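Chemist: What would the 3D arrangement of this be:
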Amino acid sequence: SAGKKVQCEMGGKNPLLVLEDADLSMAVEATAQGAFGSTGQRCTATARAVLVDAIADEFVARLAEKARALVVGNGLEESVDMGPSVDEAQFDTVLEFIGSGREDGSELVTGGEPLTGESHRKGYFVAPTIFDRVDRKSRIAQEEIFGPVLSVIRVADFEEGLEVCNDTRYGLTSSIYTQ
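Modeler: Below is the predicted model:
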């Protein structure tokens with residue numbers, strides 16, 4: 001008898017590298033979709049934005065504005081951009097990683113807290129979260145969070161960026177934005 005076809009996949013800590021000549025609008029959109037689409041709960045989610053210093057301030061400001069504008073709620077509703085964590089255990093894991101990021105000196109740009117209120121009472125909702133100036137060896141830069149948490153790592157140039165992108169046990173996917 002024939003066996004069932006399956007596809008097995010392990011974790012990912014996927015980088016998106018943005019160089020100084022990139023189309024920032026396109027790169028910001030891709031980063032937001034990659035980090036916060038599916039609430040960051042996919043192995044191919046963008047977990048690390050590796051930014052060349054020359055564009056980092058503008059990029060982070062634009063991405064934070066986009067993250068703050070995302071509508072978080074019931075994923076079955078057309079107007080919602082991001083749904084909840086899959087269950088309470090994953091919600092607790094995401095919050096624990098956010099706590100780790102706060103403690104390790106990473107700069108919390110936006111998010112970082114559970115969402116409450118009427119539209120968030122049925123589910124485990126976390127605000128889209130961005131940490132900037134993350135140490136590439138820190139826990140939030142190295143371990144898979146599986147939630148809406150993005151680590152921004154600033155680099156001097158392409159060579160350092162490539163080194164940071166490859167500095168993970170969970171190399172699954174990557175992207176580069178450049179001309």
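
Chemist: remind me which residues of the chain are low pLDDT?
Modeler: 1 (pLDDT under 70).

Chemist: where along it do the strands fall?
Modeler: For the chain, applying DSSP state E gives strands covering 14-18, 46-52, 107-110, 129-132, 149-155, 175-177.

Chemist: nearest to Thr116, of those?
Modeler: Closest approach to Thr116 among the strands of the chain is made by strand 129-132 (15.6 Å; Cβ to Cβ). Heads up, the C-betas are built off the backbone N, CA and C, glycines and all.

Chemist: Contacts for that closest one next, please.
Modeler: Contact partners of strand 129-132, identified using Cβ atoms under 8 Å, 6 or more residues apart in numbering, comprise 35, 60, 63-64, 67, 98, 101, 106-112, 140, 148-152, 154.

Chemist: List only those of those residues flagged as buried.
Modeler: Those of the contacts of strand 129-132 that meet the buried threshold are 35, 60, 63-64, 67, 98, 101, 106, 109-112, 140, 148-152, 154, by 16 or more other Cβ atoms under 10 Å.

Chemist: what's the neighbour count on the nearest residue to Phe91 once chain neighbours are set aside?
Modeler: Leaving out its chain neighbours, the residue that sits closest to Phe91 by Cβ to Cβ, 6 or more residues apart in numbering is Tyr124, at 3.4 Å. Using other Cβ atoms under 10 Å, Tyr124 has 21 neighbouring residues.

Chemist: Ok, Gly83 next?
Modeler: Gly83: 19 neighbours (other Cβ under 10 Å).

Chemist: Contacts only, for it.
Modeler: Taking Cβ under 8 Å, 6+ apart as the test, what Gly83 contacts is 39, 72-75, 123, 125.

Chemist: Let me have stretch 39-53 in CSV, keeping just the CA atoms, if that works.
Modeler: Provided in CSV are the C-alpha atoms of stretch 39-53 (Å, rounded to 0.1, in the frame of the first residue of the first chain):
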residue,chain,number,x,y,z
THR,A,39,0.4,36.5,13.7
GLY,A,40,4.0,35.4,13.1
GLN,A,41,2.9,31.8,13.6
ARG,A,42,4.6,30.2,10.6
CYS,A,43,8.0,28.7,10.2
THR,A,44,8.7,31.1,7.3
ALA,A,45,7.7,34.3,9.2
THR,A,46,10.2,37.2,9.1
ALA,A,47,11.8,37.2,12.6
ARG,A,48,14.8,39.5,12.1
ALA,A,49,15.0,42.7,10.1
VAL,A,50,18.7,43.2,9.4
LEU,A,51,19.1,46.9,8.4
VAL,A,52,22.1,48.8,7.1
ASP,A,53,22.6,51.8,9.4
